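**Q** What follows is a predicted structure for the sequence shown.
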Amino acid sequence: MEDIKNITVLGAGAMGHGIAQLCAVAGYNVVIRDIEQKFLDDGLGKIKWSLGKLSEKGKISADAMKAALGRINTTTDLKESVKKCDFMVEAIPEVLKLKQDTFKEVDAAAPKQAILATNTSALSITEMAKVTKRPAQVVGMHFFNPPQMMRLVEVIYQPKTSKETAEITYQLAKKLGKEPVYCMKDIPGFLANRVMNPPGNFLAWLVSEKIFTPAEIDSTAHFKLGNPMGSFGLMDYVGIDVGYHVQKFFEEKEPPYKVAPILEELFKKKELGVKTGKGFYTYPDKTWKVPVEWSKDKAEKFDPLMSAFVAINRAAQIVADGVATAQDVDKAVQLGFNMPFGMLQLADMQGIDVCVQKLEELNKKYGKIDGLKAILEPHPILKKMVKEGKLGQKSKEGFYKY
Ligand SMILES: NC(=O)c1ccc[n+]([C@@H]2O[C@H](COP(=O)([O-])OP(=O)(O)OC[C@H]3O[C@@H](n4cnc5c(N)ncnc54)[C@H](O)[C@@H]3O)[C@@H](O)[C@H]2O)c1
């Protein structure tokens, strides 16, 4: 860790410029590489703007800001960018072939001891490691957007990642002011997205099957839980295309998981939410506002815990498969999705027996719907915990001890 002085960030886009900024503020010498000077100029401009804002708020002194900017160099030459690097973070577009070609070139040009990390959200880190001659030094380092603000970093092992590589990456994330977690296997969605994306698809299935309307589900979240946007309002805000691609990704990786038809339909009709003026709701001004369809009356039909049980089931699977500790899964969900608590803490609060019972009920009701059985069938670890009397807070032991 003490040997790490020079960091190369590949890509000056949404993620790359933010990661480079964090590294420079933490005192590292940074080289940013992009394919054209205009992208580098744009990224640097954003870093200056962001540091300026931090300085206005008194979070960084004018001297520290100047020093951080002075530690950043840019280049369009890949070989040149990694010539002296101790640690590389790749944040180029999400295309496996592009990333593999880049890893191959970096492997040939970077010092032998350098660690090569990828910020991919969804691609196989294993496949990136395979094209290098240093697979033990290839690791996932998954920041959340915007990296300057979001505290979570997932440190992901692929089968060949050494403990030393993962530990250095973890320590580096801490030095950047982040809260890292370990994901011990290269699995689809890693931790936070793996737990928190399927519940949204589940809700979209309930809408697709006309069991609930988006307004009924969101009104409950809004009026009963104080959630400002609700699930469908949030999907509209983020973009239906973004949500669709995430769910399509799980469909491809984990059959029989299936993207909800309503998402596919809206995506194909190009009704992508706020940005197109129409998605689950309409937005005549192309800005988000509370949909007129929401009402207190509609907040009485839907049980908001339904989707939480889906998330609990996913989180339980991660722990059962030895991918992460309960603490790390919960930390990832809390920090990645700004939740007040993690899903396994929630499971312990509800009672593990209640979670099993609720999932069984949901599975009985909705398990026949395409692909839903896979996420509704209570995971064996939950059933085992019930048998062993580990029921959560009420029995003083569940995923945590009390
Ligand atoms: N945006 C997010 O919310 C988010 C969150 C977490 C992870 N990620 C991941 O981070 C990575 C980057 O995403 P982004 O949103 O910053 O993308 P982006 O499109 O904003 O930026 C990518 C940048 O990489 C540059 N680039 C293209 N080819 C390159 C090459 N060969 N070498 C160097 N630079 C190259 C592009 O010119 C562009 O400036 C992706 O793998 C993405 O999945 C994104």
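**A** Nice, thanks for sending it over. Residues are numbered from 1 along each chain as shown.
**Q** Can you give the domain ranges for this protein?
**A** 6-183, 190-402 (automatic domain parsing).
**Q** Quick one: closest of the ones you listed to the ligand.
**A** domain 6-183 (1.8 Å; C-beta to the nearest ligand atom). All C-beta spots, glycine's among them, are computed from the backbone N, C-alpha and C.
**Q** Report whether that closest one contacts the ligand.
**A** Yes. Applying C-beta under 6 Å from any ligand atom, one finds domain 6-183 in contact with the ligand at 10-16, 33-35, 39, 91-94, 98, 102, 119-121, 143-145.
**Q** Just these: which are in strands?
**A** Those of those mapping onto strands are 10, 33, 143, per DSSP state E.
**Q** could you flag which of those are buried?
**A** Among these, the ones that count as buried by 16 or more other C-beta atoms under 10 Å are 10, 33, 143.
**Q** how about JSON lines for those residues, with pLDDT added?
**A** JSON lines is the format used below for these (pLDDT from 0 to 100):
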{"residue": "10", "pLDDT": "98"}
{"residue": "33", "pLDDT": "98"}
{"residue": "143", "pLDDT": "97"}
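**Q** Could you export those as TSV, including distance to residue 182?
**A** Shown next, in TSV, are these (distance: C-beta to C-beta, whole Å):
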residue	distance to residue 182
10	23
33	28
143	15
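**Q** Looking at those residues, which one is closest to residue 231?
**A** Here the nearest of these to residue 231, counting by C-beta to C-beta, is residue 143; it sits at 24.2 Å.
**Q** Now do the contacts for that closest one.
**A** Applying C-beta atoms under 8 Å, 6 or more residues apart in numbering to residue 143 gives the contacts 15, 18-19, 119, 150, 152-153, 178.
**Q** Report the mean per-residue pLDDT for stretch 80-92.
**A** Here stretch 80-92 scores 98 as its mean pLDDT.
**Q** Please apply the same query to stretch 387-401.
**A** 98.
**Q** Sort out which residues of it are buried, please.
**A** Result for stretch 387-401 [16+ other C-beta under 10 Å]: buried residues 390-393, 395, 397-400.
**Q** Residue 70: which of those is nearest?
**A** residue 400 (46.0 Å).
**Q** My read is that the closest one contacts residue 348, right?
**A** Yes. Between residue 400 and residue 348 a contact is recorded at 5.7 Å, counting by C-beta atoms under 8 Å.
**Q** show me where pLDDT drops low in the stretch 151-300 of the chain?
**A** The model of the stretch 151-300 of the chain has no residue with pLDDT under 70.
**Q** can you give me the strands for it?
**A** 152-156, 179-183 (DSSP state E, counting those that start in this stretch).
**Q** As a markdown table, those with mean neighbour count would be great.
**A** Formatted as a markdown table, the strands of the stretch 151-300 of the chain follow (neighbours: other C-beta atoms under 10 Å):
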| stretch | mean neighbour count |
| --- | --- |
| strand 152-156 | 27 |
| strand 179-183 | 21 |
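**Q** Could you export these to a markdown table, including columns for distance to residue 27?
**A** Formatted as a markdown table, these follow (distance: least, C-beta to C-beta, whole Å):
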| stretch | distance to residue 27 |
| --- | --- |
| strand 152-156 | 18 |
| strand 179-183 | 18 |
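**Q** Ok, which of these comes nearest residue 216?
**A** strand 152-156 (31.4 Å).
**Q** What angle do strand 179-183 and that closest one make with each other?
**A** Following axes from the mean of the first three to the mean of the last three C-alpha atoms, to 10 degrees, one obtains 30 degrees for the angle between strand 152-156 and strand 179-183.
**Q** and strand 152-156, what does it pack onto?
**A** strand 138-143, helix 163-175, strand 179-183, helix 326-337 (3 or more C-beta pairs under 8 Å, 6 or more residues apart in numbering; DSSP states H and E).
**Q** Next, the angle helix 163-175 makes with that strand.
**A** Using the same axes, to 10 degrees: strand 152-156 against helix 163-175 is 170 degrees.
**Q** Each with direction, which strands does strand 152-156 pair with?
**A** Each strand paired with strand 152-156, and its direction, by DSSP bridges: strand 138-143 (antiparallel), strand 179-183 (parallel).
**Q** now that strand against helix 326-337, angle please.
**A** Using the same axes, to 10 degrees, strand 152-156 lies at 130 degrees relative to helix 326-337.
**Q** Could you list the residues in contact with strand 152-156?
**A** With contact meaning C-beta under 8 Å, 6+ apart, strand 152-156 is reached by 125, 139-144, 166, 169-170, 173, 176, 178-183, 185-186, 190-192, 331-332, 335-336.
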